[in-house]
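In: here is a sequence together with a model predicted from it:
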Amino acid sequence: TMPNNSKETADKLVNIEANFACWQPALVLACVAFICSTAVASYSVSVYINNPIFGRSPDEPVSMHFVLDKQKLKTCARSGLRVKYTDLPCMRSDTEYYTIDGCLGPVVCRDECQSDSSRTVGCRCHDNAGGFNLTGNSGSVGLNMGGVYLIYAQVSFRDSESSPVAVSLQVNGKHTSAQCHQANSMSNGSYCVINSQRRFKVGDRVAVHSPEAFRVVNADSAVTFWGLS
């Protein structure tokens, strides 16, 4: 015969095993419910992101990255030591772009992984066929799809002017609150950066605007660019 304490221990083990046998189906159902709820939650998030309320189909291109189109820019003529206003915007060297008091441009859509020497439309660009259209040398971009976009811009200035550098986002020729005003570091150059989110309609024209002529911008695509996504 087993001692009383050993018998009691054995009885408890039997009860635990019996109870676990009863709980096991419930545990399995709980796990299944948790997995299903997680999957449903993930699916719901995916559906929400791709919901037409944002105005863009998940199958459509959503990213457009623009840089200055050096091949369309003329070389600055000089009157003495000064660039002439009638030539603006223009290039004085391979990287020195002189602004006009207007849109930065002309621009070309460029995938981030491509160099300035490439003219191939990048994988993020869908000129006319999808996300946007470029008109002439204006520097503005027409949107073929409405919706909420993140707009980003970075402009690298490299002149010795003492006045602050500035750029702003324009929509249909009008200034928006997305602007940058930055003190100019005359020795090291300065950056102006814009990050904003905005809802656009089909046909809206978007541009990055410089309020001053004769500011010198580094035209290298690694430091001066803008886009929507």
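Out: Okay, I see it.
In: low pLDDT regions in the protein?
Out: The model of the chain has pLDDT under 70 over residues 1-62, 79-80, 111-131, 135-137.
In: which stretches in it count as helices?
Out: 4-49 (DSSP state H).
In: so Gly147 makes contact with Gln197?
Out: No. Gly147 lies out of contact with Gln197 (Cβ atoms under 8 Å); the separation is 11.0 Å. Heads up, the C-betas are built off the backbone N, CA and C, glycines and all.
In: more crowded one of these two?
Out: Gly147 (18 against 9; other Cβ atoms under 10 Å).
In: for Ala178, see how far away the more buried one is.
Out: 17 Å (Cβ to Cβ, to the nearest Å).
In: now do Val171
Out: For Val171, the distance to Ala178 (Cβ to Cβ) stands at 9 Å.
In: list residues touching both of these two?
Out: Arg198 (Cβ atoms under 8 Å, 6 or more residues apart in numbering).
In: show me what counts as buried in stretch 74-94.
Out: 76, 83, 87-92 (16 or more other Cβ atoms under 10 Å).
In: er, stretch 92-107 actually
Out: For stretch 92-107, by 16+ other Cβ under 10 Å, it's 92, 95-100, 102-107.
In: which of those residues sits closest to Glu212?
Out: Set against Glu212, the nearest of those by Cβ to Cβ is Thr99 (6.6 Å).
In: if I pick Met186, what's in contact with it?
Out: So Met186 contacts 159-162 (Cβ under 8 Å, 6+ apart).
In: one more time with 7 Å, if that's ok
Out: Residues near Met186 by Cβ atoms under 7 Å, 6 or more residues apart in numbering: 160, 162.
In: can you start the count at 31 instead of 1 from here on
Out: In the new count, where the first residue is 31, that last one comes out as Met216.
In: check the gap between it and Glu242 for me.
Out: Taking Cβ to Cβ, one finds Met216 at 15 Å from Glu242.
In: Phe162: which of the buried residues of stretch 104-124 is nearest?
Out: For these, the nearest to Phe162 is Pro119 (20.6 Å; Cβ to Cβ).
In: which residue, other than its chain neighbours, is closest to the closest one?
Out: Of all residues not flanking Pro119 in the chain, Ile130 sits nearest, at 4.7 Å (Cβ to Cβ, 6 or more residues apart in numbering).
In: what residues does that neighbour make contact with?
Out: 118-119, 243.
In: now do Asn214
Out: Applying Cβ under 7 Å, 6+ apart, one finds that Asn214 lies in contact with 187, 191-195, 220.
In: show me those that map onto strands.
Out: 187, 195, 220 (DSSP state E).
In: list the contacts of the residue nearest to Phe255 when sequence neighbours are not counted.
Out: Spatial nearest neighbour of Phe255, chain neighbours left out: Val97 (4.9 Å); criterion: Cβ to Cβ, 6+ apart. Val97 makes contacts with 137-138, 140, 251, 254-255, as judged by Cβ under 7 Å, 6+ apart.
In: let's see that with 10 Å instead.
Out: Contact partners of Val97, counting by Cβ atoms under 10 Å, 6 or more residues apart in numbering, are 137-140, 142, 144, 146, 249-257.
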